[in-house]
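**Student:** what follows is a predicted structure for the sequence shown.
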Amino acid sequence: MRKTHNFAQMQIDEILHVGDTVVDATIKAGDGTRYLASRVGDGGHVLAFSDQKKEIDDMAASLFLSGLTARVEPIEKSFTNIPEYLSPTELVSVFLFQVDQLTDPNQLKQTIQQIQLYLRTLGVIVLDGHHQNPAMQEVLSMAKKLPANAYEVRYFYDALTDEAALILQRN
């Protein structure tokens, strides 16, 4: 059986183009950053956020070993700072959030509300985490109120593992 994050990656693969700008909002182990960098090509750009120096350093080492360093801009700041690094003239294809127990639900919701302005048509905001996580539930509640003519909302949930992926796609 596929994990929920595999479904999320399939959705990302469908819309991501070589040369796109994408955001890894929460680096964590760096696997999401590496995945995005491998898909945007040499002309693409990944903004990778973490307020943890160790996560930035680990990601940088992983990218160096993978030959993907030039595609990624590491930013040692919280995901709440993402809007400061965006431009309305360069819309983003993918925003990826790995949501864990340390993710503040209100900060996540507010950030997602702000970054929606920078999401290109058919672009996605992806949350990868666990169903019972309060931050995941907060954004899921918000997503259910989005206008159906502007967004498609998909939620993948594994009842046995509690893993979940929430995908907001702009129409």
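**Tutor:** That came in fine, so what should we check first?

**Student:** packing partners for the longest helix seen in the chain?
**Tutor:** When the chain is parsed with DSSP state H, its longest helix is helix 53-66. If you count contacts as 3 or more Cβ pairs under 8 Å, 6 or more residues apart in numbering; DSSP states H and E, helix 53-66 packs onto helix 31-40, strand 72-75. Placement of C-beta: from N, CA and C, glycine included.

**Student:** ok, which stretches of the protein are helices?
**Tutor:** 4-15, 31-40, 53-66, 105-115, 134-143.

**Student:** contacting residues around the longest helix of the chain?
**Tutor:** Here helix 53-66 makes contact (Cβ atoms under 8 Å, 6 or more residues apart in numbering) with 27-30, 33-34, 37-38, 48, 50, 69, 71-72, 74, 76.

**Student:** now stretch 149-168
**Tutor:** The contact list for stretch 149-168 (Cβ under 8 Å, 6+ apart) reads 1, 3-5, 7-8, 11, 112, 116, 124-133, 136, 139-140, 143-144, 146, 169-171.

**Student:** that older thread, now do the buried residues in the longest helix of the chain.
**Tutor:** Going by neighbour count (16 or more other Cβ atoms under 10 Å), the buried part of helix 53-66 is 55, 56, 58, 59, 60, 62, 63.

**Student:** ok, what's across the strand from the most centrally placed residue in the chain?
**Tutor:** In the chain, the residue lying closest to the centroid (Cα atoms, centre = their mean) is residue 96, at 0.5 Å. According to DSSP bridges, the partner residues bridging residue 96 are residue 24, residue 126.

**Student:** can you list the low-confidence ranges for the protein?
**Tutor:** 1-2 (pLDDT under 70).
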